[in-house]
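Student: test case, fold it:
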Amino acid sequence: MTCPKCNHENDADARFCENCGTQLLSAKTKHFIKAVQALALPIVWMIPYATAEAQTTETSAATGSEGGYGGIIILFIVCMIVACIVVTKTLTKKKKNKTTSPMTCPMCNYVNDADARFCENCGAQLKRK
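Tutor: Below is the predicted model:
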């Protein structure tokens, strides 16, 4: 999870930034927001096409020619498939590997990454030995 203040990449389940101590959105909240954005985007993209398709259908009905919403339905299906792929990739991001020994918070005993400056659980500043 990227900190909005210092852009440090934290663990996905971090509640506070390990670099600056800023409180972070929970991973579930962040994934929910991305999923909603990914699913809403195809609908926003389709508004101009749906309007044009509706006008074409009305014109076709007035002239007696065939018309329909086939193109807009296909576009919607393609957009939803792309949105599902985006959501799947968002939810399955791999956790970064840490090769050094972790640091334990003196306030809450939470085990943090070795390079953490602030506790991911309570936001307390971590002291180096």
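
Student: tally of neighbours for Leu24?
Tutor: If you count neighbours by other C-beta atoms under 10 Å, Leu24 ends up with 23. (C-beta placed from N, C-alpha, C; glycine too.)

Student: Arg128 now?
Tutor: Around Arg128 there are 5 residues (other C-beta under 10 Å).

Student: do Met107 as well
Tutor: Taking other C-beta under 10 Å as the definition, Met107 ends up with a neighbour count of 13.

Student: what's the closest non-adjacent residue to it?
Tutor: Ala124 (4.2 Å; C-beta to C-beta, 6 or more residues apart in numbering).

Student: so the one you found makes contact with Thr104?
Tutor: No. Using C-beta atoms under 8 Å, Ala124 is not in contact with Thr104; the gap is 11.2 Å.

Student: the more surrounded of those two?
Tutor: Shown here are Ala124 and Thr104; by other C-beta under 10 Å, Ala124 has more neighbours (16 against 12).

Student: give me every residue that touches the nearest residue to Cys17 once chain neighbours are set aside.
Tutor: Using C-beta to C-beta, 6+ apart and skipping residues adjacent in sequence, the residue nearest Cys17 is Cys3, 3.9 Å away. Taking C-beta atoms under 8 Å, 6 or more residues apart in numbering, we find Cys3 in contact with 9-10, 17, 19-20, 22, 24.
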